[in-house]
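Q: Below is the sequence, then the predicted model.
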Amino acid sequence: MTTEVLNRPVTGPSVWTAADLGAGEPFVRHLTEPELDALDRVLDELPGLPDHAVSRRGAPAPGLAGLAADLVERLEIGAGYTVVRGLPLGTRYTAEQASRIHWAIARHVGQIVPQDREGALVRLLADAHHPAQRGGTYASKAGAPFHTDPTDVVGYLCLSPARSGGARVVASAATIYNALVREHPEWLDLVYREYATDWEGAEPPGEPGWSARPIFSYVGDALTCSLATKRIMSAMRFEEVPRLSAEEMTCLMYLESLLRRPGTAVHVTLRAGDMEFVGNHTVIHSRTGFVDDPVDPEHQRRLQRLWISRGADGRPLVPSLRRWRAGIA
C-alpha cells in the first residue's frame, strides 16, 4: 500500500463548515418509537456491560438495522459526525441501562476496543474530582485542545451535562485540508511527514512514550487526518524525538488557526441521553471548558466514552495509523 500527496481540494459530504451543520442540526439522528422498543429488547439480552471485546461486531438486533445502516453511512460517506437523540434517560431508562444501550448501538458500528494500557473498554469522562474519574488529560474543567483519537470512531453518551459550558466542538478535516491547498500548497509535503505524537503516559506496554503518525495521508482515494498539535509539540520532551523545524512549527500553528477560524467548527451542546459518534479520520474534535453544579448531579458533566474499530470494513490506512485502529493493548 502506497500513499501519495493529494494536491487538489477534497469534494463531497466530508467537506463542511459551521454554516452547513449549524442550521437545523442535520447531524442529529432522532430515535423512532419502534427503535426504542427494539432497544428495550436489547436490554433484556444484555444484562450488563461486557468486560471484553468481541472478535467482530454482531449483526444488527431486530428492529435496529435501519439505525445501524444510517450511522455507518453518516460516518463513512457522510459528514463523519452524528448525534443520536431521543433516548429518554431518567424516565424510560436509568443511567445504567443507557450505558448498555450505548454499548449495543456502538457494536452495530464496529468492534469496541481498549482505550488505555489497562485494556479499559469503557471510560467515564468527568471532572477530576468526580469519584468515578480515574484521571487523564481529559479529567479537567478546562477546554480540551483539538485532536483526533487513534481508532476509527469515538462514541460518547451524555449521562449528564455540566451546569454551563462543556460544548463539543467539531470541524471537518477535509475543510482544513482544502484551505491548506488553497493558501499554502508549499506545506503539503510537511503534513504528510510522520511526527512523533506523545501518548501522555497512555502508551501500550512495551511501546515508547510516543508514536509516529502523519497529519494527513491519502490512500485508496481516502484522505485521512491524524492531528493532535499539543501532543506533537509535547513529544519533544523525549530526547530521541527530533526537534520541530521552524517551518514545521509554523505549519502546525497555521493548522490550529484554521480550526479556530470563525465559521469553521461547530459547537454542539449534548443533552442527557444524547449519543455522539465522531469519525476520527475525517473529523477533528475538542470541547469547551465547563462548570459543574456543586450539588446537583444532574448538572455535573459525565460522558461515557467508547473507542470503536471498523476493522476490515473501515477505510484503508497507512501502516502507522492502521496499527492503532484496534485500540491500545
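A: Looks like it came in fine. Quick caveat: nothing in here was measured; it's all calculated off a predicted structure. Numbering: from 1, shown residues only.
Q: where does the stretch 51-200 of the chain dip in pLDDT?
A: 51-59, 127-140 (pLDDT under 70).
Q: if I pick Val283, what's in contact with it?
A: Contacts for Val283 (CB atoms under 8 Å, 6 or more residues apart in numbering) come out as Ala79, Gly80, Tyr81, Thr148, Val170, Ala171, Ser172, Ala173. C-betas here are computed from N, CA, C, even on glycine.
Q: what's around the second one, how many residues?
A: Using other CB atoms under 10 Å as the criterion, Gly80 is surrounded by 26 other residues.
Q: State the distance from it to Val295.
A: According to CB to CB, to the nearest Å, Gly80 stands 38 Å off from Val295.
Q: Just give me the neighbour total for the closest residue to Pro114 other than its chain neighbours.
A: In space, not counting the residues next to it along the chain, Pro114 is nearest to Gly327; the distance is 4.2 Å by CB to CB, 6 or more residues apart in numbering. Per other CB under 10 Å, the neighbour tally for Gly327 reads 23.
Q: Isn't Gly327 up against Gln115?
A: Yes - using CB atoms under 8 Å, Gly327 is in contact with Gln115, at 6.4 Å.
Q: residues shared between the contacts of the two?
A: What both Gly327 and Gln115 touch, as defined by CB under 8 Å, 6+ apart, is the set Trp307.
Q: Run through who's touching whichever strand or helix holds Arg107.
A: Using DSSP states H and E, Arg107 maps to helix 95-109. Outside helix 95-109, the residues that touch it by CB under 8 Å, 6+ apart are 39, 42-43, 46, 48-50, 54, 57-58, 60-61, 64, 67-68, 71-72, 75, 84, 87, 89, 93, 112, 122, 153, 155, 157, 159, 273, 275, 277, 304, 306, 308, 310.
Q: So which bits of it are buried?
A: Residues of helix 95-109 classed as buried by neighbour count (16 or more other CB atoms under 10 Å): 95, 97-109.
Q: After that helix, heading C-terminal, what element do we hit next?
A: As the chain continues past helix 95-109, the following element, by DSSP H and E, is strand 111-113.
Q: Can you give the distance from the next helix or strand after that next one to the centre of its chain?
A: With elements assigned by DSSP H and E, the helix or strand that comes after strand 111-113 is strand 123-126. With CA atoms, centre = their mean, to the nearest Å as the basis, strand 123-126 stands 14 Å off its chain's centre.
Q: what are the pairing partners of strand 123-126, and which direction each?
A: Here strand 123-126 has these sheet partners by DSSP bridges: strand 302-309 (antiparallel).
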